[in-house]
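**Q** Let me see the structure of the following:
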Amino acid sequence: MHPREPDHPPSGDYCDLTDAQIMRKAAAGNLDAFDVLVRRHQGAVFNVAAKMLGDISTAEDITQQVFIRIYRNAGTYQPSAKFTTWIFTIVRNLVFNECARRKRRRGWFSMDAPLLGEGAESEEYPDERAANAGAQTAQRELEAEVEKALAALPENQRLAIVMLRDENASYEQVAQVLGVSLSSVKSLVFRARETLRQKLSKYLSATSHGQEG
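**A** Numbers count the residues shown, from 1 in each chain. So this is what the prediction gives:
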């Protein structure tokens, strides 16, 4: 369940305002202004939560919790950093709490479980040539392996990669969200990419050879 959807699209006047300006209106109880924030940012919040947790249902719950917290704390928000940095810091806290809860309950989730985007339906391509179907299958397998390798990274490394890769965040913004130095973020990302490269080496090599052929 996502945060409350407005009964009608918000006024274009709100869409011209910055996030900080809208937060001031939301702090005064303006729900239309708050709806603009939800529309602007819920996609990114959901994507990060889903990539971090590999679970759509939990990601939806996290997304709702994020915007509930934003609304409740609108009056205390100070625009000392980018609004998205504040949002992703809330996401980090909720996601890391969920990761810790999972570890306590079952020692982290099974890598045999379906990952985000995997599984629910088996697609067939009866009208496609075998070579094309094989290429599509290989691509799906690679994407699944990427997500599996990403899910195995430590939470800090995984969040850094997800923010950089999927949300076009800067290293500086990632450092602020994680509460670490810029050099620490660069070190985290370097280690994460090395780990991913090693785990995916056989798939990357096969892809490279296929392109050469």
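**Q** only C-alpha atoms for contact and neighbour calcs from this point on.
**A** Will do.
**Q** the helices in the protein, which residues?
**A** Counting by DSSP state H, the segments of the chain that form helices are 12-15, 19-27, 31-53, 56-72, 83-106, 130-151, 155-166, 171-178, 182-199, 201-212.
**Q** any chance of the ones you listed in a markdown table, plus mean neighbour count and mean pLDDT?
**A** A markdown table is the format used below for the helices of the chain (neighbours: other Cα atoms under 10 Å; pLDDT from 0 to 100):
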| stretch | mean neighbour count | mean pLDDT |
| --- | --- | --- |
| helix 12-15 | 12 | 68 |
| helix 19-27 | 20 | 89 |
| helix 31-53 | 20 | 94 |
| helix 56-72 | 19 | 95 |
| helix 83-106 | 16 | 92 |
| helix 130-151 | 15 | 73 |
| helix 155-166 | 19 | 95 |
| helix 171-178 | 20 | 96 |
| helix 182-199 | 16 | 94 |
| helix 201-212 | 12 | 60 |
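**Q** tell me, what residue is most central in this structure?
**A** With distances taken as Cα atoms, centre = their mean, residue 48 lies nearest the centre of the chain, 1.2 Å away.
**Q** How about that residue: what's its closest non-neighbour residue?
**A** residue 162 (6.6 Å; Cα to Cα, 6 or more residues apart in numbering).
**Q** contacting residues for that neighbour?
**A** 48, 51-52 (Cα atoms under 8 Å, 6 or more residues apart in numbering).
**Q** Now with 10 Å, please.
**A** Taking Cα atoms under 10 Å, 6 or more residues apart in numbering, we find residue 162 in contact with 47-49, 51-52, 150, 168-169, 174.
**Q** Next: residue 173.
**A** Taking Cα under 10 Å, 6+ apart, we find residue 173 in contact with 81-82, 84-86, 88-89, 160, 163-164, 179, 182, 185.
**Q** Please tabulate those in JSON lines, including the columns distance to residue 141.
**A** Below are the contacts of residue 173 laid out as JSON lines (distance: Cα to Cα, whole Å):
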{"residue": "81", "distance to residue 141": "39"}
{"residue": "82", "distance to residue 141": "37"}
{"residue": "84", "distance to residue 141": "33"}
{"residue": "85", "distance to residue 141": "33"}
{"residue": "86", "distance to residue 141": "35"}
{"residue": "88", "distance to residue 141": "30"}
{"residue": "89", "distance to residue 141": "32"}
{"residue": "160", "distance to residue 141": "24"}
{"residue": "163", "distance to residue 141": "23"}
{"residue": "164", "distance to residue 141": "23"}
{"residue": "179", "distance to residue 141": "35"}
{"residue": "182", "distance to residue 141": "34"}
{"residue": "185", "distance to residue 141": "29"}
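**Q** Residue 98 and residue 86, how far apart?
**A** According to Cα to Cα, to the nearest Å, residue 98 stands 19 Å off from residue 86.
**Q** Domains in the chain, by residue range?
**A** The record's domain parsing of the chain by automatic domain parsing lists 9-110, 129-213.
**Q** Now residue 154. Its backbone dihedrals?
**A** phi -60, psi 150 (degrees, to the nearest 10).
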